[in-house]
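**Q** Structure for this input, please:
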Amino acid sequence: MIHWVCKKFGELTPDELYKILRLRSEVFVVEQRCIYLDMDNKDYHSYHLLGWEGEKILGYSRIIPSGISYAEFSIGRIVSSPSARGRGIGRELVQQSIKTLYQLYGIQHIRIGAQYHLREFYSSFGFVQKGDIYPEDGIDHIEMLLLVEA
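**A** Alright, predicted model coming up:
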């Protein structure tokens, strides 16, 4: 069972921050072979959602206030540990990220920059594609929006 914890940047311990950055680097830099500057200053303004199993982070995302990445609120750096794949951690992570964003900020529209090959995955949560495919760090991406019904 995953234990979910959400913290502001300043509340993260050095150990937690190290594990977050290691997981992001393991997947986005090493596995996906993207050479980019992961520390983009958005971490300071974000909440960080960590899915723990014992001492290991199996899932992570950052919840970004409106006006930082997009006009809308956003969820970014959505990543599951390679060691936990096939267990539904990614699905649980996205569900928990949406739920946590709503708890923090109320029910809001959510915009994400999704890797294009994951568009069907995000569509299963209600996200819809907005705009054209664009390259980011050598991987095709699209913006997707989860709309709140008025």
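**Q** C-alpha from now on. contacts and neighbour counts both.
**A** OK.
**Q** How many neighbouring residues does residue 148 have?
**A** By the criterion of other Cα atoms under 10 Å, residue 148 has 10 neighbours.
**Q** residues contacting it?
**A** Neighbour list for residue 148: 107, 108, 109 [criterion: Cα atoms under 8 Å, 6 or more residues apart in numbering].
**Q** Now do the SS call for it.
**A** On the three-state scheme (DSSP: H, G, I helix; E, B strand; the rest coil), residue 148 is labelled coil.
**Q** so how far is residue 97 from it?
**A** Residue 148 sits 15 Å away from residue 97 when distances are taken as Cα to Cα, to the nearest Å.
**Q** And the contacts of residue 148, which is closest to residue 37?
**A** Of all the contacts of residue 148, residue 37 sits closest to residue 109, with 27.4 Å by Cα to Cα.
**Q** Check the closest one and give its pLDDT.
**A** Here, the pLDDT recorded for residue 109 equals 97.
**Q** Ok, the one 10 residues further on next?
**A** For residue 119, the model assigns a pLDDT of 97.
**Q** what do you get for residue 36?
**A** 85.
**Q** just to revisit the earlier point, could I have the buried ones of the contacts of residue 148 as PyMOL selection syntax?
**A** Selection of buried members from the contacts of residue 148 for PyMOL, criterion 16 or more other Cα atoms under 10 Å:
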select buried, resi 108+109
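**Q** Residue 76 - nearest residue in space that isn't next to it in sequence?
**A** residue 62 (5.3 Å; Cα to Cα, 6 or more residues apart in numbering).
**Q** residues contacting that neighbour?
**A** 43, 46, 47, 48, 49, 75, 76, 77, 78.
**Q** Can you add pLDDT, neighbour count and secondary structure and give these back as CSV?
**A** Shown next, in CSV, are the contacts of residue 62 (pLDDT from 0 to 100; neighbours: other Cα atoms under 10 Å; DSSP: H, G, I helix; E, B strand; the rest coil):
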residue, pLDDT, neighbour count, secondary structure
43, 97, 17, helix
46, 98, 21, coil
47, 98, 24, strand
48, 98, 26, strand
49, 98, 25, strand
75, 98, 24, strand
76, 97, 20, strand
77, 97, 16, strand
78, 98, 18, strand
